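Undergrad: sequence and predicted structure are below.
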Amino acid sequence: MCRLLGIVTASPYEFGLVLREAPRSMAMLSREHRDGWGLATHAGTPGYAWALQRSVQTADEDPGFAEHARRARGRVLLAHVRQKTVGPLAIANTHPFQHGDWVFAHNGTVKDIAWVEKHASPERLAERGGATDSELFFAYLLTKLDEAGATQKLASRQTDDVVRRAVLAATGRDDFGSLNFLLSNGSSLYVSRFGRPLHLLERAPSEDDLEEAAASGEVPIERRRCVVVASEPLTDEAWTPIEQGALLRLDVLPSPHWITID
């Protein structure tokens, strides 16, 4: 298995806290998920580009991870530590994957490879750099967004419907596999939970935090408004298990929030 982490925040956030310092940080989890790591950060508004770093080293043992985690900053984060199942140890097989404005990370194993490949366009299949089931499914999702003319659009009911239909068509097949994933265009983050545990945490500043902010000009970073999803709780806070089969959308604006896509 692998481990996923996705965050949307109200203001630029220094992600080192969850990447290296939390009780069950991504660095610590990489001791059991040793086959590479990846970080994708975004400013959270259209017109900005993703910052993407990946390595085949174990995150907890890689000085590069420590440095990038220390410097990682933005309003959207996708992070992944890999335990390989499909595809050898290689940068090209390391999550998150990026094509255009979209990035994607996956935890699980897609078994029905032939079906996914059949429903992905030749153009999207040709973009793949590696040999994973995960990047193949990413190509399938982008194909469906392309067909709807929604690839370049902000998240809306239209993109919700495209992603929902694509996921249901796949997961409705017998023995399809497991499909926890994060998919983001930098302003919204889609979250699928199918087959593996996934948890959600909402943080909001308390009245004391707001009073402190009024005095100092800043809410403490660990208590700023944000929504977090992770393969397992990273802290001792009250995380909520996401239901099997759920599809969520996390939005940065106007304030970090999430909705269930039915």
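TA: That came through fine.

Undergrad: ranges for the strands of the stretch 1-150 of the chain?
TA: Remark: strands assigned in the stretch 1-150 of the chain by DSSP state E, counting those that start in this stretch are 3-14, 37-42, 51-55, 73-81, 97-99, 102-107.

Undergrad: who does the last one pair up with?
TA: Partners of strand 102-107 in the sheet, by DSSP bridges, are strand 97-99 (antiparallel), strand 180-184 (antiparallel).

Undergrad: so in this structure, where's the weakest helix or strand by average pLDDT?
TA: Ranked by mean pLDDT, DSSP states H and E, the weakest helix or strand in the chain is helix 207-216, scoring a mean of 56.

Undergrad: other SSEs contacting the next helix or strand along the chain from that helix?
TA: Note on helix 207-216: by DSSP states H and E, the next helix or strand toward the C-terminus is strand 226-230. Here strand 226-230 touches strand 3-14, strand 199-203, strand 247-251, going by 3 or more CB pairs under 8 Å, 6 or more residues apart in numbering; DSSP states H and E. (Glycine included, C-beta is placed from N, CA and C.)

Undergrad: switch to 6 Å and redo it
TA: strand 3-14, strand 199-203 (3 or more CB pairs under 6 Å, 6 or more residues apart in numbering; DSSP states H and E).

Undergrad: before we move on, back to that, can you redo the strands paired with strand 102-107 as a markdown table with distance to L198 and mean pLDDT?
TA: A markdown table is the format used below for the strands paired with strand 102-107 (distance: least, CB to CB, whole Å; pLDDT from 0 to 100):
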| stretch | distance to L198 | mean pLDDT |
| --- | --- | --- |
| strand 97-99 | 19 | 98 |
| strand 180-184 | 5 | 98 |
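
Undergrad: so which of the helices and strands packed on strand 226-230 is nearest R157?
TA: Closest to R157 of the helices and strands packed on strand 226-230, according to CB to CB: strand 3-14, at 19.0 Å.

Undergrad: buried ones in the closest one?
TA: 3-10, 13 (16 or more other CB atoms under 10 Å).

Undergrad: now swap in stretch 157-176 and tell me
TA: Neighbour count says stretch 157-176 has 159-160, 162-164, 166-167, 170-171, 176 buried, by 16+ other CB under 10 Å.

Undergrad: stretch 190-207 now?
TA: 190-196, 198-201, 203, 205.

Undergrad: show me the shaky parts of this structure.
TA: 1, 206-223 (pLDDT under 70).

Undergrad: picking that back up, generate a markdown table for the strands of the stretch 1-150 of the chain, with distance to E67 as supplementary columns.
TA: Formatted as a markdown table, the strands of the stretch 1-150 of the chain follow (distance: least, CB to CB, whole Å):
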| stretch | distance to E67 |
| --- | --- |
| strand 3-14 | 13 |
| strand 37-42 | 11 |
| strand 51-55 | 9 |
| strand 73-81 | 13 |
| strand 97-99 | 20 |
| strand 102-107 | 21 |
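
Undergrad: for those, which one sits closest to I259?
TA: Closest among the strands of the stretch 1-150 of the chain, using CB to CB: strand 3-14, at 12.2 Å.

Undergrad: and the closest one with strand 102-107, angle?
TA: Strand 3-14 and strand 102-107 are oriented at 140 degrees to each other (axes from the mean of the first three to the mean of the last three CA atoms, to 10 degrees).
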